[in-house]
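Visitor: No sequence on hand, only this structure:
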């Protein structure tokens, strides 16, 4: 059998997988094989067999590399022995700690432990405590755990801090030479109330596009902080920025990509101070098309710092108190709103996807605990800035593509054949009368979103549309952006918090100087290695116009090609890591929030149906939890993938996406970051509402009882067995009735479906 090399990915249930290098293939490792290895070890395995679905199972032949980073967990004292229970359940096994190696930590405290002895088939791993983080309930502990659990770099090296300390407090006169002076242009920043770093400033005025004399379009300026002027290749600042690749945002705290002196000071476009910037200067027609653009380095002075709430109030009432306080800038905001509307019109013509999904914001108290969770409202101000940034990003992609220069593109491909078929079946099951072709376009997705926006289950439908798409990645191979319906797209507008944007700035600067940017990867101490997808070959993404027949070909050396591919994989992986760390902290906070509400009942909506249960989001709290399939009542349920619902085999009761249910908070597992609900039945209507669009609603008598139903199923099973022994038809029971035998026949395939729940899944 074949032998392969890959990284171990543990599972909380004891088994694991080997993720094969440079491939999406995963090989199952049974629990006994996981006893000598740990999560994130690199191993060589031999494929022994395949299961009924063709999935490979392997045997560990050799351990090539042990994980070296510390493991975070809680110190326990049990039976006279000291143990560390890893916070990440994927490690599977507790770590023994000698009594002299606890570093003075007390039982129950969170610690970082370094392995001194690797695990074996007969022995547990042994380690020593190297850092004591504090008590599990200490304010901010969830963030301290997350940054170490996901290996997020959170401390700047001494040489980086020393280099940052040498930077000036304000822009020097020498740095302004060779730049366009735009300090008199009333550029403004528009950000959230809690924003501290300001990447971008915008300005708009009416302009003549073409040969006319009357303004028939707009001139839009998007000024972006010139981080590349201060962060140079082969310097400590660049090394740390590349290793982080992105800023990580948590409730009440940010782990920045750059030191605070840059991110909140010298590179932040604060009001009333001069700042260096790269400007994308665009002419936009009345139809929202970008007629012309140019890039140039400039010196700007932001005339005001607006918040989204303030701009939305001004646009809603130009005579209100907010507008009166900013009277001199209101005309420019109105011009920005006008260009936004034509850009939005062009977006609709282009067929870009725009889903109505609800985003939430966690509001914490002084102790760092959740005080409330509120929906994040997207106003006209949010959309205005979004369209301006999209326009600048498209121009940067076009500029680099025309120059035939390598760079990092933001690539988003359409749905895979499997996800496309699943979505088609779901839409068909809802009876919407809408369908997708074999090569769906972004416009097809947007048409479905528009047609269903007024339905009560619109949020669930739009979520299914969103889940059918692939995740966006950074890659030097441009294959378009499906969701935005762009042939080429880059990230240019956030170099303070994203390394790919910094690289795009360097490329544009090199092109403006008629030079070529030579990418040299900085050495890093750690890198995320769980994102192994190879970049796609250059081609048009499905549903997008094909690239021009004479598309520019890049003449890259193998070293250049490898460097750009490596940086794309690195930045994509670190983006995933940042998202996972943020979700982990939010899940921890929500568990703490719901731990105080055990036993309370809430109404909720089913957001997802799986073979093992239903995920439900609570009304008003915006917290999601699981109703396990065993909590749905005394019968067997089959998962209908097409309809995304669970259906009772005998009763026909259905629970699908969008169903309204009433639940009780039954369990909160802080270690696993999971919340469990129990279904509450008070009347017929609480027993599983069929989502809108379904063809039938199943109703039952009010004297329904789970125990009675279980006894009925047991009797039916005995009748079938007795009939088989006597040589009678299994359709008839010993008493001659057909109902019980029929119930047993219906229940049998459901039992098979229930067994699948216990199969290992990634």
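Guide: On my side now, so go ahead. None of the values given here were measured: they were computed from a predicted structure.

Visitor: Averaged over its residues, which helix or strand of this protein has the lowest pLDDT?
Guide: In the chain, the helix or strand scored least confidently by mean pLDDT, DSSP states H and E is helix 739-755, which has a mean of 35.

Visitor: Need the residue closest to the centroid of the protein.
Guide: residue 579 (5.2 Å; CA atoms, centre = their mean).

Visitor: hey, where'd the helices end up in the stretch 51-200 of the chain?
Guide: Listed in chain order, the helices found in the stretch 51-200 of the chain under DSSP state H, counting those that start in this stretch are 141-149, 158-165.

Visitor: by contact count, what packs against the helix or strand hosting residue 647?
Guide: In this assignment (DSSP states H and E), residue 647 forms part of strand 645-648. Where contact means 3 or more CB pairs under 8 Å, 6 or more residues apart in numbering; DSSP states H and E, strand 645-648 is packed against strand 637-640, strand 654-656. C-beta coordinates here come from the backbone N, C-alpha and C atoms, glycine included.

Visitor: neighbouring strands for that strand, and are they parallel or not?
Guide: As defined by DSSP bridges, the strand partners of strand 645-648 come to strand 637-640 (antiparallel), strand 654-656 (antiparallel).

Visitor: Can you give the distance of the last one from its chain's centre?
Guide: The one in question is strand 654-656. Distance of strand 654-656 from its chain centroid, counting by CA atoms, centre = their mean, to the nearest Å, is 27 Å.

Visitor: With stretch 26-39 instead?
Guide: With CA atoms, centre = their mean, you get 27 Å for stretch 26-39.

Visitor: residues making contact with that stretch?
Guide: 4, 6, 8-10, 14-20, 43, 45, 47, 51, 55-60, 63, 66-67, 88, 90-93, 118-121, 125, 760, 762 (CB atoms under 8 Å, 6 or more residues apart in numbering).

Visitor: doesn't residue 468 make contact with residue 355?
Guide: No - Residue 355 lies out of contact with residue 468 (CB atoms under 8 Å); the separation is 11.3 Å.

Visitor: Among those two, which residue is more densely surrounded?
Guide: residue 468 (21 against 17; other CB atoms under 10 Å).

Visitor: Run through the residues that contact the more buried one.
Guide: Contacts of residue 468 (CB under 8 Å, 6+ apart): 415, 419-420, 422-423.

Visitor: related to what we said a few turns ago, point out the most buried one among the strands paired with strand 645-648.
Guide: Of all the strands paired with strand 645-648, strand 654-656 has the most neighbours on average by mean count of other CB atoms under 10 Å, namely a mean of 25.

Visitor: circling back: can you put the strands paired with strand 645-648 in JSON lines and add distance to residue 500?
Guide: Formatted as JSON lines, the strands paired with strand 645-648 follow (distance: least, CB to CB, whole Å):
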{"stretch": "strand 637-640", "distance to residue 500": "39"}
{"stretch": "strand 654-656", "distance to residue 500": "40"}
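
Visitor: Using JSON lines, please lay out these together with mean pLDDT.
Guide: Shown next, in JSON lines, are those (pLDDT from 0 to 100):
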{"stretch": "strand 637-640", "mean pLDDT": "91"}
{"stretch": "strand 654-656", "mean pLDDT": "88"}
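
Visitor: out of those strands, nearest to residue 112?
Guide: strand 637-640 (40.7 Å; CB to CB).

Visitor: Remind me which helix or strand residue 390 belongs to.
Guide: helix 380-402.

Visitor: Pull the residues that contact stretch 94-113.
Guide: When contacts are defined by CB under 8 Å, 6+ apart, stretch 94-113 is touched by residues 70-77, 81-87, 115-116, 124-136, 141, 144-145, 148.

Visitor: if we go to 7 Å?
Guide: Contact partners of stretch 94-113, identified using CB atoms under 7 Å, 6 or more residues apart in numbering, comprise 70-77, 81-86, 124-136, 141, 145, 148.
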